[in-house]
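# Model the following, please.
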Amino acid sequence: MQICKNAVKTPVDRATGFTGKSTVNFLTELTKEPEYHNVKWGIAGRSEKKLNILLKELSELKIRTSSIVVIKCDINNQTELRNATGRTKILINCTGPHSILGEAVIKSCIETRTHYVDISAEIPQIFNAFRNNHNAAEEGNVLIVPSCGLASIPSAAGLMFLQNQFKDIPDVVDCYFRFDIPRRSYAPIGQHCLVHSGTWESLVFVLQDLPKYLNLKKETFPEPLVYEPIELKRSFFHRHSGEVWFPYPGPDEDLIEMSQRYVSDKYEQKPIRFRSFCTVPKFYHFLIIPPMYMYYYLCRFEWFRKMLCKHPKVFTAGYMSRQGPSEVSRMNTKYTLTMTGKSWDSNVKNYEHDPKKSLTVKVSGTDPGYYTTAMCLIISAMTILRESDKMPKGGVLMPAAAFQNTNLVENLMKHKMEFEVVTK
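Residues are numbered from 1 along each chain as shown. Modelled structure (predicted):
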């Protein structure tokens, strides 16, 4: 999807995919609102046939399609890609896996001075995009903001909300990420699966590239951002509020750390130690954690990666499929982030003692994989268009750094993401 410089302000690239269609649907609804009514946008994809099918589906929903710019674009064709990115102010990338399809789009956006957002949760790819393109994007005054979907806008916006309510910068923020899954999805028959297979393919590439990423991270950031007192360390499994939690497998913690490094270097702001954990129904522990460890090691073999991508339903016990979840399953899936910020006196010697200040906030919403992802992606793009004067001029920036001085939280609140203070 694109928003163009001349004819179009925003194009949606790979608009015909499962997530791309959700993104287009949200954008069509958003542009009915008075403040977004003048936004002109388009769709881009490699299949002209699928683009026409999407336009037909939109027209059946009584959406006027004559003003939607359609751009046929094969990412592997540099001429078509430059034509697509050169016609837009900001490109919204719904392609995936980003490890294969992301780098070419980012480089083309930098060359044509086009801002960029995507929904990647592939931390090795995001880190490589930062290493390979940050300086060029910064020099070109181009904002490249990856991971603007479920990963990692709710956590970035939650941190912004917490800091605003905290009236200070906390030393530590613990984020507890909870998914409430409809019971009908416990046995994923038919369209009672949880996730579309495109997300699964991206995960396979993460498992493949994770060892390289860990080495690159140590090479790029040899020193820890902040010292973590031994009293604050957590075991892999730990109890909190009567439930068992483990490290959240998404990229949010690493992306918040990269954001904190940026604001610490640029603005001499005290960095925050951010940690994220998640929980799921107990029987999912046995369905998710042991296979993921096994797949992590087996993903070193190309034949096994191909098997995982070819048969997502088999290797995930039906929880991921090429059909994707039904709308009923999606809308009955909820998420909650409970974030607690704490600060201590500078001369404290034992962090087990009560902090001088503590605050807990909650971020919640529905349909995390699709409605929330599409909404976060589009609102992020609109924020760049409308509030670029409050943002850094350019660079490959993580959301918490890119949007920290904008009205992102307020705009998310208007579109079904809830923020509330739980305890002071």
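
# unless I'm mixing things up, residue 199 is touching residue 320, no?
Yes: with contact defined as C-beta atoms under 8 Å, residue 199 reaches residue 320; the gap is 6.8 Å. Backbone N, C-alpha and C define where each C-beta goes, glycine included.

# so where do the helices sit in the stretch 51-200 of the chain?
78-86, 98-111, 123-139, 153-166, 197-220 (DSSP state H, counting those that start in this stretch).

# Please identify the buried residues of the shortest one?
Judged by neighbour count using 16 or more other C-beta atoms under 10 Å, the buried positions of helix 78-86 are 80-86.

# Closest one to residue 143 out of those residues, please.
residue 85 (13.5 Å; C-beta to C-beta).

# For the closest one, which residues are in contact?
2, 91, 105, 108-109, 111-112, 114 (C-beta atoms under 8 Å, 6 or more residues apart in numbering).

# Mind putting those residues into TSV with pLDDT, neighbour count and distance to residue 54?
Shown next, in TSV, are the contacts of residue 85 (pLDDT from 0 to 100; neighbours: other C-beta atoms under 10 Å; distance: C-beta to C-beta, whole Å):
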residue	pLDDT	neighbour count	distance to residue 54
2	47	31	14
91	93	29	17
105	92	25	19
108	95	22	22
109	96	28	23
111	96	16	27
112	95	19	24
114	96	28	22
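
# quick one: which of those is nearest to residue 247?
residue 105 (30.2 Å).

# Residue 356 versus that closest one, what's the distance?
To residue 356, residue 105 is 46 Å away according to C-beta to C-beta, to the nearest Å.

# circling back to that earlier point, buried deepest among the helices of the stretch 51-200 of the chain, which one?
Across the helices of the stretch 51-200 of the chain, averaging neighbours per residue (mean count of other C-beta atoms under 10 Å) puts helix 153-166 on top, at a mean of 24.

# Convert it to PDB, retaining C-alpha atoms only.
What follows is helix 153-166, C-alpha atoms only, in PDB (Å, rounded to 0.1, in the frame of the first residue of the first chain):
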ATOM      1  CA  ILE A 153       3.400  -0.700  18.500                       C
ATOM      2  CA  PRO A 154       1.400  -1.800  21.600                       C
ATOM      3  CA  SER A 155       4.600  -2.100  23.700                       C
ATOM      4  CA  ALA A 156       6.100   1.100  22.400                       C
ATOM      5  CA  ALA A 157       2.900   3.000  22.900                       C
ATOM      6  CA  GLY A 158       2.400   1.500  26.300                       C
ATOM      7  CA  LEU A 159       5.900   2.600  27.300                       C
ATOM      8  CA  MET A 160       5.100   6.100  26.000                       C
ATOM      9  CA  PHE A 161       1.800   6.200  28.000                       C
ATOM     10  CA  LEU A 162       3.500   4.900  31.100                       C
ATOM     11  CA  GLN A 163       6.300   7.500  30.900                       C
ATOM     12  CA  ASN A 164       3.800  10.300  30.500                       C
ATOM     13  CA  GLN A 165       1.800   9.100  33.500                       C
ATOM     14  CA  PHE A 166       5.000   8.400  35.500                       C
END
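
# Distance from the chain centre to that helix, please.
15 Å (C-alpha atoms, centre = their mean, to the nearest Å).

# gap between residue 70 and residue 168?
Taking C-beta to C-beta, one finds residue 70 at 49 Å from residue 168.

# likewise residue 344?
12 Å.

# The two: who's more crowded?
Ranked by neighbour count (other C-beta atoms under 10 Å), residue 344 and residue 168 place residue 344 first, with 19 against 13.

# ok, back up a step: can you redo the helices of the stretch 51-200 of the chain as CSV with distance to residue 253?
Below are the helices of the stretch 51-200 of the chain laid out as CSV (distance: least, C-beta to C-beta, whole Å):
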stretch, distance to residue 253
helix 78-86, 31
helix 98-111, 19
helix 123-139, 9
helix 153-166, 8
helix 197-220, 12
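
# With residue 392 as the reference, name the closest of the ones you listed.
Judging those by C-beta to C-beta, what sits closest to residue 392 is helix 123-139, at 8.0 Å.

# So what touches the closest one?
97-99, 102-103, 106-107, 110, 120, 143-144, 146-147, 205-206, 209-210, 212-213, 216-217, 220, 251, 254-255, 258, 392-396, 398.

# thought residue 41 was touching residue 69?
Yes: using C-beta under 8 Å, residue 41 makes contact with residue 69 at a distance of 7.3 Å.

# Just give me the neighbour total for the nearest residue to residue 258 once chain neighbours are set aside.
Excluding the flanking residues, the one nearest residue 258 by C-beta to C-beta, 6 or more residues apart in numbering is residue 398, at 4.8 Å. Residues near residue 398, counting by other C-beta under 10 Å, number 27.

# list the contacts for residue 398?
126, 145-147, 152, 156, 255-256, 258-259, 262.

# next one: phi and psi at it?
phi -80, psi 150 (degrees, to the nearest 10).

# ok, back up a step: can the buried residues of helix 78-86 go into CSV with extra columns for distance to residue 60?
Rendered in CSV, the data for the buried residues of helix 78-86 read as follows (distance: C-beta to C-beta, whole Å):
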residue, distance to residue 60
80, 28
81, 30
82, 33
83, 29
84, 26
85, 30
86, 32
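
# Let's test this: mean pLDDT of stretch 168-186, rounded?
For stretch 168-186, mean pLDDT is 84.

# quick one: low-confidence ranges for the stretch 301-424 of the chain?
349-352, 424 (pLDDT under 70).

# Which parts of it are helices?
302-310, 312-315, 327-331, 371-387, 399-402, 408-413.

# Out of the ones you listed, which is closest to residue 348?
helix 399-402 (25.7 Å).

# sorry, back to before: just curious, which of the contacts of residue 85 is nearest to residue 61?
Nearest member of those to residue 61, counting by C-beta to C-beta, is residue 2, at 20.6 Å.

# show me the residues around the most centrally placed residue in the chain that make contact.
Of all residues in the chain, the one closest to the mean position by C-alpha atoms, centre = their mean is residue 151, 2.6 Å from it. By C-beta under 8 Å, 6+ apart, the contact set of residue 151 is 119-121, 250-252, 255.
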